[in-house]
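A.B. asks: I would like to see how this sequence folds:
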Amino acid sequence: MAGSHVAEARPRARPGRPRSEESRAAVLRATSELLREVGLRAMTTEEIANRSGASKATIYKWWPNKYAVAFDAFLSEMMAESRDPDTGSAREDLTVMVRGLMHFYAGPSGRVFAQLVGEAQTDPLIQKALRANLVDPRRDVFRAIWERGVARGELRDDIDPEVALDLMIGPTLYRLLMGHAPLTDAAADALVDAFLRGLARA
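C.D. replies: Model prediction:
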């Protein structure tokens with residue numbers, strides 16, 4: 001009851017959304033820092049509260065658990081790497097996108113993403129959120145690149161687009177999760193070249 005009372009009293013002290021948004025931003029910032037420092041599993045809601053200055057009651061008012069906080073913090077830090085380059089060339093578009101994935105996966109956000117993918121295997125809510133906010137938007141961009149390439153006669157029109165998308169995106173994620181090969185521009189270019197040798201229109 002006390003936590004609920006505090007949550008209700010706070011808006012009266014300062015009407016409107018600024019304070020709420022400021023506190024929310026502090027929670028997300030603290031969570032991002034902890035994700036990099038200790039990782040998703042080791043991070044606790046209490047640590048998030050201590051670092052952000054928000055109470056645990058406030059955090060639980062906005063998020064059901066630390067994984068939901070982590071997911072929102074992750075999204076808040078993401079660059080717009082899913083933006084469609086639309087250069088007029090399927091090869092150039094794919095190179096831009098696959099290099100972008102490599103850069104993203106090779107950095108701190110990539111490690112957090114890998115942890116979220118791991119949690120998604122046992123948490124259907126995280127899996128759903130990942131698909132809706134990261135996987136599907138990225139596939140939409142690659143699908144647009146594929147469709148333009150087919151329309152321009154650059155790519156084969158006898159391939160299932162969903163299979164083509166898996167072939168384009170899958171190798172980078174496999175490298176992130178298994179760590180067996182580098183996540184570099186050179187690797188991205190090699191993957192695009194191999195993809196086009198198989199699926200480019202003769």
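
A.B. asks: Quickly note the distance from the residue nearest the centre of the chain to V141.
C.D. replies: Most central in the chain under CA atoms, centre = their mean is L134, positioned 4.7 Å from the mean C-alpha point. In this view, L134 and V141 are 12 Å apart by CB to CB, to the nearest Å. In short, each C-beta sits where N, CA and C put it, glycine included.

A.B. asks: and if you look at E46?
C.D. replies: On the measure of CB to CB, E46 and V141 end up 39 Å apart.

A.B. asks: So what does the residue nearest to the centre of the chain look like in phi/psi?
C.D. replies: Backbone torsions of L134, given as degrees, to the nearest 10, read phi -120, psi -50.

A.B. asks: so what's it up against?
C.D. replies: 75, 113 (CB atoms under 8 Å, 6 or more residues apart in numbering).

A.B. asks: How confident was the prediction at it?
C.D. replies: With respect to pLDDT, L134 has a value of 86.

A.B. asks: quick check: domain ranges of this structure?
C.D. replies: 2-65, 78-199 (automatic domain parsing).

A.B. asks: picking up where we left off before, quick check: the gap between the residue nearest to the centre of the chain and K128.
C.D. replies: For L134, the distance to K128 (CB to CB) stands at 11 Å.

A.B. asks: Name the next helix or strand downstream of the lengthiest helix in the chain, please.
C.D. replies: Secondary structure of the chain per DSSP state H: the longest helix is helix 18-37. Counting by DSSP states H and E, the next helix or strand C-terminal to helix 18-37 is helix 45-52.
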